[in-house]
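Trainee: With the sequence up front, the predicted model follows.
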Amino acid sequence: MIKSRLILPNQNGTLKKKSDLSLDAGDIDPALLDILKLLGNDLRDHLLDPGIVFDLDELSQKNGSFVVDQITSQIGKFIDDRAALDRYRPAISKLLLWFHENQAAAKKLFGILYEQKHRLYDDDEILSNIQQAGQLKELLRHYNVNTVEELHTMLEKRAGASNLPPAATIAQLIGSFANSKGGAIVLGVVEEGKKFISSRDFRNPGGSLYLGLSSVGSPMRRPAYATTSPFGL
C-alpha cells in the first residue's frame, strides 16, 4: 500500500509516492535549500518529512554535498550569461551572503565557484562595494589605524576615558565625517524619536548614535538604516 498510494508527506507538506522521495541525511543547510529552490529546483519536494518514523532505510539519501553539487551545476550553466544572472539575482544574492557568513565552509564545499564569486556580482553591487571600501579606507586613515578592529578598540578606549556618554564621545571623534554631502558617511547624535534636522542635533549628549549613508540629493536626512552602533553596518 505504501508503494502504491500518496501517503508520505514531503518537506513541503505534500503527499507523495514513496518512490518519489529520498531521505534527508540531516546535514543539509536550510539556507542552501532555499537558494536551490530560487534556482528552480525545490529539493524539499523530494525529501521525506523528517518527522516520519517508518522504517524506510531502503530510500536513497540526499545530503549537504548533493545540494552543493546541484547549486554549483545550476549556476555553472549561466555564470557567463549576464541576463540569466540577473534573472536569478535573488538566488545569487542569497548565495553570496551565505559565502560571506560561512567563508571556511564555502571555500571547502564550493571550491572553484567560491574562488570565482566575483563573477556573480552585478555592476551596481561592484560599484557600491568600491564606494564603501573607499569610505572605510578614508576613515581608517583619518584615525591612523589599519583595521576595523583597531578602530573599534581605539573608540572604546576613548569612550572609557571620557566623562561623556559613549555615543557622544564617538560622535566627537568622527566629527569630520558627521555632516558630509549626500552619499558620504553621516554620523550623529539625536534624541530618541527625533529626526536629524540640523548639525545642532549632533551635539545632544543624551541622544543615540547613528552612522550610515545619507541619501543622494537628500542631505541632512537620517539614514533609513541608522544604527545605534557604527560597527553595525
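Mentor: Cool, the structure landed.

Trainee: Name the spans of the chain whose pLDDT lies under the cut-off.
Mentor: 1-6, 123-130, 159-233 (pLDDT under 70).

Trainee: mind listing the strands for it?
Mentor: For the chain, the strands defined by DSSP state E occupy 8-9, 15-16, 23-24, 61-62, 185-190, 208-213.

Trainee: so what does the fourth one touch, helix or strand wise?
Mentor: Packed against strand 61-62, as judged by 3 or more CB pairs under 8 Å, 6 or more residues apart in numbering; DSSP states H and E, are the following elements: strand 23-24. From N, CA and C alone the C-beta is placed, and that goes for glycine too.

Trainee: Which secondary structure elements does the strand it packs on sit against?
Mentor: Against strand 23-24 (3+ CB pairs under 8 Å, 6+ apart) you get strand 61-62.

Trainee: Mind listing the strands the strand it packs on pairs with, and their directions?
Mentor: strand 23-24 (parallel) (DSSP bridges).

Trainee: Could the C-alpha coordinates of stretch 71-79 be exported in CSV?
Mentor: The C-alpha trace of stretch 71-79 is given here as CSV (Å, rounded to 0.1, in the frame of the first residue of the first chain):
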residue,chain,number,x,y,z
ILE,A,71,23.7,24.6,-6.8
THR,A,72,27.1,24.6,-8.5
SER,A,73,25.8,22.8,-11.5
GLN,A,74,22.8,25.2,-11.9
ILE,A,75,24.9,28.3,-11.6
GLY,A,76,27.6,26.8,-13.9
LYS,A,77,25.0,26.7,-16.7
PHE,A,78,24.6,30.5,-16.8
ILE,A,79,27.6,32.1,-15.0
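
Trainee: List the buried residues of that stretch.
Mentor: 71, 72, 74, 75, 78, 79 (16 or more other CB atoms under 10 Å).

Trainee: pretty sure the last one contacts residue 117?
Mentor: No: under the contact definition of CB atoms under 8 Å, residue 79 does not touch residue 117, with a separation of 10.3 Å.

Trainee: how about the helices of this protein, start to end?
Mentor: 30-38, 64-76, 82-87, 89-101, 103-110, 112-115, 123-142, 148-161, 166-173 (DSSP state H).

Trainee: who's in contact with the residue lying closest to residue 88 once chain neighbours are set aside?
Mentor: In this structure, residue 88 finds its nearest non-sequential neighbour in residue 39, 6.1 Å apart by CB to CB, 6 or more residues apart in numbering. Shown in contact with residue 39 (CB atoms under 8 Å, 6 or more residues apart in numbering): 71, 74, 75, 88, 91.

Trainee: Test my guess that the last one contacts residue 31.
Mentor: No: no contact is recorded between residue 91 and residue 31 when judged using CB under 8 Å, the distance being 11.2 Å.

Trainee: Of these two, give the one with the bigger neighbour count.
Mentor: Each of residue 91 and residue 31 has its neighbours counted (other CB atoms under 10 Å); residue 91 has more, 21 against 14.

Trainee: Any figure for the gap between that one and residue 48?
Mentor: 24 Å (CB to CB, to the nearest Å).

Trainee: what do you get for residue 57?
Mentor: For residue 57, the distance to residue 48 - CB to CB - is 12 Å.

Trainee: quick one, which of those two is more surrounded?
Mentor: residue 48 (22 against 7).

Trainee: list the contacts for the closest residue to residue 41 other than its chain neighbours?
Mentor: Leaving aside its sequence neighbours, residue 41 sits nearest to residue 70 (CB to CB, 6+ apart; 6.0 Å). When contacts are counted by CB under 8 Å, 6+ apart, residue 70 is found next to 36, 41, 43.

Trainee: Good, wrapping up.
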